[in-house]
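Student: What follows is a protein structure lacking sequence information:
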């Protein structure tokens with residue numbers, strides 16, 4: 001996941017000094033917040049004179065057309081418009097602009113507003129705290145919103161701004177988020193380098209629980225044991241695209257899983273007569289599972305204790321009822 005450093009969050013240095021520090025630590029982008037002020041382009045010109053790091057410009061204005069001439073002049077890699085502030089929701093970006101376009105929305109705005117921009121815009125920016133609130137806490141409603149957006153617009157990238165610390169960064173990487181903006185966390189740390197390490201690799205705090213960011217039950221591959229047939233297992237596994245299905249009983253009592261390996265072994269054991277396959281016999285009744293109340297720290301400790309790689313984990317409550325799934329496919333892709 002790329003880290004976009006919110007340059008105006010550095011209150012202790014001038015722009016040139018901050019740029020020098022960001023150059024030294026090889027940050028991925030420079031995030032520039034612009035609150036309806038065309039003078040921002042003077043700063044951008046200064047930044048571009050001292051760095052080749054891509055500019056990530058976030059424009060908050062009721063009249064975006066005021067910024068169009070400068071967008072045609074400056075070579076800016078990422079430009080985002082804040083949806084809620086636009087008087088006219090129609091954005092006629094000049095064709096001469098060659099960068100990536102994004103739409104920023106707050107936590108209370110439905111993701112469906114992106115629909116009218118999907119043909120021209122490349123990404124969405126989820127504002128996970130109150131815009132302009134430095135050091136705010138990440139609004140956990142956005143975990144589900146990110147998943148919903150990813151399903152609806154699988155070819156669009158996702159950026160996140162607000163409340164991103166080491167723990168949230170781990171969760172966002174696991175969800176396949178493309179870039180996150182870091183301001184106060186990055187510049188208030190002992191060093192920019194240590195903060196970047198935490199944002200990209202480590203988890204150092206733990207405030208969120210598995211239930212806050214897991215795939216909910218309606219997003220997970222599950223089959224009721226009353227409907228357990230080979231055809232249903234294959235269909236649900238194919239639709240879920242996670243390599244397994246959870247088997248549940250009445251009131252979602254967790255019964256076990258059937259993974260790819262379980263299915264292959266069952267088919268091989270009955271290769272000469274597939275009609276003789278008893279699907280009940282290939283259920284793994286004792287798979288690895290985790291509690292919905294695990295913290296991120298507990299989740300990582302649990303994973304590190306295992307002797308084999310883990311691609312997914314069914315999630316249960318204290319009554320051993322299935323409540324969701326955590327998978328690590330996006331995290332693995334993002335770290336390659």
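Tutor: Yep, it's here. Since the structure is predicted, the reported quantities are computational estimates derived from the model, not experimental observations.
Student: okay, now the domains of the chain?
Tutor: Here the domain parsing of the chain from automatic domain parsing is 2-208, 215-335.
Student: Buried deepest among those domains, which one?
Tutor: domain 2-208 (a mean of 18; mean count of other C-beta atoms under 10 Å). Where C-beta positions appear, they are placed from N, C-alpha and C, glycine not excepted.
Student: and the domains of the chain as TSV, adding mean pLDDT?
Tutor: Shown next, in TSV, are the domains of the chain (pLDDT from 0 to 100):
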stretch	mean pLDDT
domain 2-208	90
domain 215-335	90
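Student: I'd say residue 64 and residue 81 touch.
Tutor: Yes - using C-beta atoms under 8 Å, residue 64 is in contact with residue 81, at 5.6 Å.
Student: shared neighbours of those two, anything?
Tutor: Common contact partners of residue 64 and residue 81 (C-beta atoms under 8 Å, 6 or more residues apart in numbering): residue 91.
Student: need the helices for the stretch 1-150 of the chain, in chain order.
Tutor: Remark: helices assigned in the stretch 1-150 of the chain by DSSP state H, counting those that start in this stretch are 15-24, 40-50, 68-73, 141-152.
Student: any chance of those in CSV, plus distance to residue 274?
Tutor: Output for these, formatted as CSV (distance: least, C-beta to C-beta, whole Å):
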stretch, distance to residue 274
helix 15-24, 60
helix 40-50, 64
helix 68-73, 61
helix 141-152, 33
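Student: hey, where'd the strands end up in the stretch 101-250 of the chain?
Tutor: Assigned by DSSP state E, counting those that start in this stretch, the strands in the stretch 101-250 of the chain fall at 123-127, 157-161, 179-182, 215-216, 222-224, 244-248.
Student: Contacts for the first one next, please.
Tutor: The set of residues external to strand 123-127 that reach it, using C-beta under 8 Å, 6+ apart, is 58, 78, 80, 82, 100-107, 111, 114, 142, 145-146, 149, 153, 156-162, 178, 181.
Student: who does that strand pair up with?
Tutor: With DSSP bridges as the criterion, the sheet partners recorded for strand 123-127 are strand 100-106 (parallel), strand 157-161 (parallel).
Student: Over to the third one?
Tutor: Sheet partners assigned to strand 179-182 using DSSP bridges are listed as strand 2-6 (parallel), strand 157-161 (parallel).
Student: Name the residues that touch that strand?
Tutor: For strand 179-182, the external contacting residues (C-beta under 8 Å, 6+ apart) are 1-6, 28-29, 31, 56, 125, 157, 159-162, 164, 168-169, 172, 195, 199.
Student: The fifth one now?
Tutor: With contacts defined as C-beta under 8 Å, 6+ apart, strand 222-224 is touched by 232-233, 236, 245-249, 252, 322.
Student: Pick the one among those closest to residue 136.
Tutor: Closest approach to residue 136 among the contacts of strand 222-224 (C-beta to C-beta): residue 322, at 33.5 Å.
Student: mind checking the SS state of the closest one?
Tutor: Under DSSP: H, G, I helix; E, B strand; the rest coil, the three-state class of residue 322 is strand.
Student: coming back round to it: nearest to residue 303, of the strands paired with strand 123-127?
Tutor: With C-beta to C-beta as the measure, strand 157-161 is the member of these nearest residue 303 (23.0 Å).
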